[in-house]
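below: sequence and its predicted model.
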2 protein chains.
Amino acid sequence: MPETLADIGEFGLIDRIEALLQKEGGRPRELVIGMGDDCAAFRPRPGMDLLVTCDTMVEGRHYLSRHISALDLGRRAMTINISDIGAMGGTPVYALVSLGLQSNTPAEDVDALYMGFLDALRPFQAVIMGGNITRSGGADFIDITLIGEIPSGTWVRRSTARPGDVILVTGYPGEAAAGLQILLSDPSAPGLRDHPLVKAYITPSHRAIEGAAIARSGLATAMIDISDGLLGDLDHICDQSRVGARLHQKGLPLRPPLREAARQLQRDPIEFVLGSSDDYELIITCPPEKVEEIVSVVAASGPLPITAIGEITPPSEGEGVISMTSPDGLVRKLGRSGWNHFYQ
Amino acid sequence: MPETLADIGEFGLIDRIEALLQKEGGRPRELVIGMGDDCAAFRPRPGMDLLVTCDTMVEGRHYLSRHISALDLGRRAMTINISDIGAMGGTPVYALVSLGLQSNTPAEDVDALYMGFLDALRPFQAVIMGGNITRSGGADFIDITLIGEIPSGTWVRRSTARPGDVILVTGYPGEAAAGLQILLSDPSAPGLRDHPLVKAYITPSHRAIEGAAIARSGLATAMIDISDGLLGDLDHICDQSRVGARLHQKGLPLRPPLREAARQLQRDPIEFVLGSSDDYELIITCPPEKVEEIVSVVAASGPLPITAIGEITPPSEGEGVISMTSPDGLVRKLGRSGWNHFYQ
């Protein structure tokens, strides 16, 4: 029988996590006080603004523990937060982790969760500086607060897209959503975890390195990460920038595995590309004459594809109105289709 | 029927909270970006270190919604976090609030929760700069991350108490614990909410203003807030400072309402004073010759009593060993008796 949280108790668990962080957590930079006091403390670096984000994952709602290992879950939860820091152009520095766990949770699962958090933080030399653990009242949850830094005033917002800007997107949105459907449709299928779309769902990537490079370049007018789906997050840009958008269906990035999965699932692949997903790609807007430079900036960070999918339209064509040109030239309005935690 | 979260949806709820914060939330100081982007952003003030703490409350475990109004719950949840910032000598500046709520929660309860958060933050001109809302998987939860600031290097830690230091405590620890027992023993008793001990439980005070004054004075060697109980938190000081402690039973602050409640509950009042509680008072250690000055510093902040209850003993008498002199002169060792979320 593996040791559970009930066996080792709260303080035993905290000691265990502190030991793990000591061994695996890397060296803090401007961290003055880490875990083990009333608060963590750090000295901000001069010339830097701080970015703060938080995101909660609830078992059964944002993940299914029977379909994801504790290590992958830890990586994924931290990746989602890193993505938010990256979407403004920042670099993660300090994380706080609040866990709500049932007392029969094996202690080694908690170790694995933390190893996952650390895996995701390591490339940035970011550290876990604090947190909280409590017994959950049913469903487990992971709530992470992530603090990032960025040279003062260089963040890229959602609210500053301008009519005529080109809309760019990184990677292949929708693959994670299709991966989740594949996972749910036949969870016991052999080799499922090696399916590229299932992998896209279980081990998503953030684009924080690219986001930071884009912010440094000063070329983008607006940026957001896709956590509510391509359409849902483009809608956030349109709403807050008081503009509209026109997409070109032909231009949407769509690879054979997603086409094939959509066929098998009897769904339109475009639904996956536009709808709710868990891909954590970036939507970037910029003037047409800057597109090439942004593509180079992203290419310099790694082999991430970036695709022009449409353009920002003036408010005179409808604030918040998003339309799409189909391959046959027809233009139709698209309904907002994001992830709504209370409707669903 | 009041409107519920299911009626207004996630985005409806976020809009509602943003409107409430706009109206009631006060003006941010160095806040650059508030809610409504991928991250919040702020510019740290030069010469200040940042303190960060987080604390989670789970329904049924840390509070019982039938015994506390949403407004009081909001105040209480924020007070607990403010207490942690104050226990190192800092002042709260920015809060992030993560809520896990059931979809049948009335929207006005969420308003009241936020009004409670803001009530607690207002004296510090601190603001809510972000957060997250999700549907809970059973029990509701509130997870708050609070960021405070403090002049660089002036924080007071747990790990720096020295043999010979006097141990001081503010207020009357144990009253909240007795209040909870009264509430649980006869929840329908008339006038219960006006009972001073029940009030101590439902609407606890933090000592952040006193904590900041103590830190500024430079007189204290160690400080901690009581969230695990007087003994539990004194034990944290002893553990981390590698010292022991001797308490004097006669010196423990104990008021008639707690004596009376203990008699009715057939409990030893000292159990309440030393054991698990929710009082959020401060334990402070300082050299004997500084006691009078600390008492004056605290008195200058308001009418909060502060009591000398014992002294720090050298490691040669046992690291982490806490003993108590009873009124008849007997000395006995005390077991660590904190709040253990997984044992209980």
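Everything's here; your move.

contacts and neighbour counts: CA atoms only from here.
OK.

just the strands from chain A, written as ranges.
Here chain A has its strands, by DSSP state E, at A:31-33, A:40-42, A:48-58, A:91-101, A:127-135, A:141-151, A:166-170, A:222-225, A:244-248, A:282-286, A:306-313, A:322-325, A:331-334.

reformat those as CSV; add mean pLDDT and mean neighbour count.
CSV is the format used below for those (pLDDT from 0 to 100; neighbours: other CA atoms under 10 Å in any protein chain shown):
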stretch, mean pLDDT, mean neighbour count
strand A:31-33, 72, 18
strand A:40-42, 91, 25
strand A:48-58, 94, 24
strand A:91-101, 95, 24
strand A:127-135, 89, 23
strand A:141-151, 96, 24
strand A:166-170, 98, 24
strand A:222-225, 97, 30
strand A:244-248, 96, 23
strand A:282-286, 98, 29
strand A:306-313, 97, 22
strand A:322-325, 93, 20
strand A:331-334, 88, 14
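
of all those, which lies closest to B:Gly232?
strand A:127-135 (16.9 Å; CA to CA).

residue contacts, A:Leu230?
A:173, A:273-277, A:283 (CA atoms under 8 Å, 6 or more residues apart in numbering or on different chains).

just those residues: which are in helices?
Filtering the contacts of A:Leu230 for membership in helices, criterion DSSP state H, returns A:273-274.

re earlier: okay, the strands of chain A in JSON lines with distance to B:Met1 next?
As requested, those are arranged in JSON lines below (distance: least, CA to CA, whole Å):
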{"stretch": "strand A:31-33", "distance to B:Met1": "49"}
{"stretch": "strand A:40-42", "distance to B:Met1": "44"}
{"stretch": "strand A:48-58", "distance to B:Met1": "28"}
{"stretch": "strand A:91-101", "distance to B:Met1": "32"}
{"stretch": "strand A:127-135", "distance to B:Met1": "33"}
{"stretch": "strand A:141-151", "distance to B:Met1": "30"}
{"stretch": "strand A:166-170", "distance to B:Met1": "44"}
{"stretch": "strand A:222-225", "distance to B:Met1": "37"}
{"stretch": "strand A:244-248", "distance to B:Met1": "37"}
{"stretch": "strand A:282-286", "distance to B:Met1": "41"}
{"stretch": "strand A:306-313", "distance to B:Met1": "42"}
{"stretch": "strand A:322-325", "distance to B:Met1": "35"}
{"stretch": "strand A:331-334", "distance to B:Met1": "34"}
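
which bits of the stretch 51-200 of chain A sit near chain B?
A:51-56, A:58-61, A:84-85, A:87-88, A:96, A:98, A:103, A:130-140, A:143, A:145, A:152, A:157-158 (CA under 8 Å from any CA of the partner chain).

re the thing from before, quick one: the contacts of A:Leu230 as JSON lines, columns for distance to B:Lys199 too.
Listed next are the contacts of A:Leu230 as JSON lines, based on distance: CA to CA, whole Å:
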{"residue": "A:Pro173", "distance to B:Lys199": "52"}
{"residue": "A:Val273", "distance to B:Lys199": "54"}
{"residue": "A:Leu274", "distance to B:Lys199": "52"}
{"residue": "A:Gly275", "distance to B:Lys199": "49"}
{"residue": "A:Ser276", "distance to B:Lys199": "46"}
{"residue": "A:Ser277", "distance to B:Lys199": "47"}
{"residue": "A:Ile283", "distance to B:Lys199": "51"}
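
related to what we said a few turns ago, of all the strands of chain A, which one is nearest B:Gly47?
Closest approach to B:Gly47 among the strands of chain A is made by strand A:40-42 (11.8 Å; CA to CA).

work out the sheet partners of the closest one and label each with its direction, please.
strand A:31-33 (antiparallel), strand B:48-58 (antiparallel) (DSSP bridges).

distance between that strand and the chain's centre?
Distance of strand A:40-42 from the chain centroid (CA atoms, centre = their mean, to the nearest Å) equals 26 Å.

likewise for stretch A:309-322?
Using CA atoms, centre = their mean, the distance from the centre of stretch A:309-322 to the centre of the chain it belongs to is 25 Å.

hmm, it touching chain B?
No - if you take CA under 8 Å from any CA as the test, stretch A:309-322 misses chain B, and the best it gets is 14.9 Å.

now do the buried residues in the helix ranked longest in chain A.
If you go by DSSP H, chain A has its longest helix at helix A:5-24. When burial is assessed from 16 or more other CA atoms under 10 Å in any protein chain shown, helix A:5-24 yields the following buried residues: A:5-14, A:16-18, A:21.

that helix to strand A:91-101, inter-axis angle?
170 degrees (axes from the mean of the first three to the mean of the last three CA atoms, to 10 degrees).

okay, angle between helix A:5-24 and strand A:127-135 too, please.
Inter-element angle recorded for helix A:5-24 and strand A:127-135: 180 degrees (by the same axes, to 10 degrees).

helices or strands next to helix A:5-24 in the packing?
helix A:107-121, strand A:127-135 (3 or more CA pairs under 8 Å, 6 or more residues apart in numbering or on different chains; DSSP states H and E).

any idea how far it is from the middle of the chain?
28 Å.

quick one: contacts for A:Ala87?
By CA under 8 Å, 6+ apart, the contact list for A:Ala87 reads A:156, A:207-208, A:211, A:223-225, A:282, B:38.

okay, those in JSON lines with distance to B:His195 next?
Output for the contacts of A:Ala87, formatted as JSON lines (distance: CA to CA, whole Å):
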{"residue": "A:Val156", "distance to B:His195": "53"}
{"residue": "A:Arg207", "distance to B:His195": "55"}
{"residue": "A:Ala208", "distance to B:His195": "53"}
{"residue": "A:Gly211", "distance to B:His195": "56"}
{"residue": "A:Met223", "distance to B:His195": "54"}
{"residue": "A:Ile224", "distance to B:His195": "51"}
{"residue": "A:Asp225", "distance to B:His195": "51"}
{"residue": "A:Leu282", "distance to B:His195": "55"}
{"residue": "B:Asp38", "distance to B:His195": "45"}
